[in-house]
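Trainee: can't give you the sequence, but here's the structure:
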Ligand SMILES: C[S@@+](CC[C@H](N)C(=O)[O-])C[C@H]1O[C@@H](n2cnc3c(N)ncnc32)[C@H](O)[C@@H]1O
């Protein structure tokens with residue numbers, strides 16, 4: 001039998017984890033609160049609190065200068081990554097919603113990072129296909145429609161520099177990715193994506209049980 005070493009994540013244990021992570025800064029905290037106030041039915045889309053400092057950590061760890069994000073929403077993950085960029089670094093973030101991303105723009109301006117973030121409003125696949133074909137991306141974060149992940153992956157991998165990183169969120173999709181009775185919808189789409197990633201010899205990938213599941217994949 002497979003030995004499970006992770007303790008069950010209780011509210012108390014989650015609070016403990018958050019207490020031992022870098023806290024959200026005032027603009028990030030205000031963005032979490034305002035997103036819940038303005039868009040209560042959609043606030044769940046925002047990355048989990050432990051993921052914002054993790055994404056910033058990964059940007060710093062890799063020294064990424066060119067970051068692409070698929071799925072902006074109200075801009076928390078873009079904010080955290082943009083704040084971690086080195087001087088001259090830039091982040092391109094892709095979404096289809098004018099309404100949600102207008103709120104993102106306000107937060108980026110308040111944090112003083114608007115000048116290093118470019119937002120493109122269009123279906124992400126179109127925006128990715130319009131990018132230069134040569135490898136120029138250091139880090140990409142996938143966090144949009146789950147049925148698009150495989151296509152986004154296929155557009156990003158050739159544009160990723162050797163050693164570049166793809167971070168994919170929601171790879172467990174509340175456990176549905178591993179549930180064979182779920183045959184349709186985003187959970188099933190994530191199962192297809194996860195198999196695609198695991199079989200891709202261009203990339204070395206690890207799947208982590210962070211939040212709703214996070215895959216880290218490095219271009220070999
Ligand atoms: C889970 S949210 C992103 C959360 C964001 N990373 C954050 O931390 O707040 C997913 C986003 O993907 C966007 N989206 C959905 N389908 C899309 C598509 N085809 N192209 C671009 N963006 C899309 C949605 O509008 C939504 O804002």
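Mentor: Here it is on my side, so go on. Remember, it's a predicted structure, so these values are computed and weren't measured experimentally. Numbers count the residues shown, from 1 in each chain.
Trainee: Can you pull out the low-pLDDT segments for the protein?
Mentor: Applying pLDDT under 70 to the chain picks out no residues at all.
Trainee: What residues of the longest strand belonging to the chain count as buried?
Mentor: The residue-count maximum for a strand in the chain (DSSP state E) belongs to strand 160-169. Residues of strand 160-169 classed as buried by neighbour count (16 or more other C-beta atoms under 10 Å): 160-161, 164-169. C-beta: built from backbone N, CA, C; applies to glycine.
Trainee: For those residues, give me CSV that also has distance to the ligand.
Mentor: Output for those, formatted as CSV (distance: C-beta to the nearest ligand atom, whole Å):
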residue, distance to the ligand
160, 19
161, 22
164, 19
165, 16
166, 14
167, 11
168, 12
169, 7
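Trainee: The ligand contacts on the chain?
Mentor: 45-47, 71-74, 76-77, 94-97, 100, 123-124, 143-145, 148 (C-beta under 6 Å from any ligand atom).
Trainee: so what's the residue nearest the centre of the chain bridging to?
Mentor: Geometric centre of the chain, nearest residue: residue 141, 4.0 Å, by C-alpha atoms, centre = their mean. With DSSP bridges as the criterion, residue 141 is bridged to residue 69, residue 167.
Trainee: ok, and the closest non-adjacent residue to residue 203?
Mentor: residue 217 (4.4 Å; C-beta to C-beta, 6 or more residues apart in numbering).
Trainee: and that neighbour, bridged to which residues?
Mentor: residue 166, residue 205.
Trainee: Please list all residues in contact with it.
Mentor: Residues in contact with residue 217 (C-beta atoms under 8 Å, 6 or more residues apart in numbering) are 165-168, 197, 200, 203-206.
Trainee: Spit out the contact partners of residue 122.
Mentor: Residue 122 touches 94, 96, counting by C-beta under 8 Å, 6+ apart.
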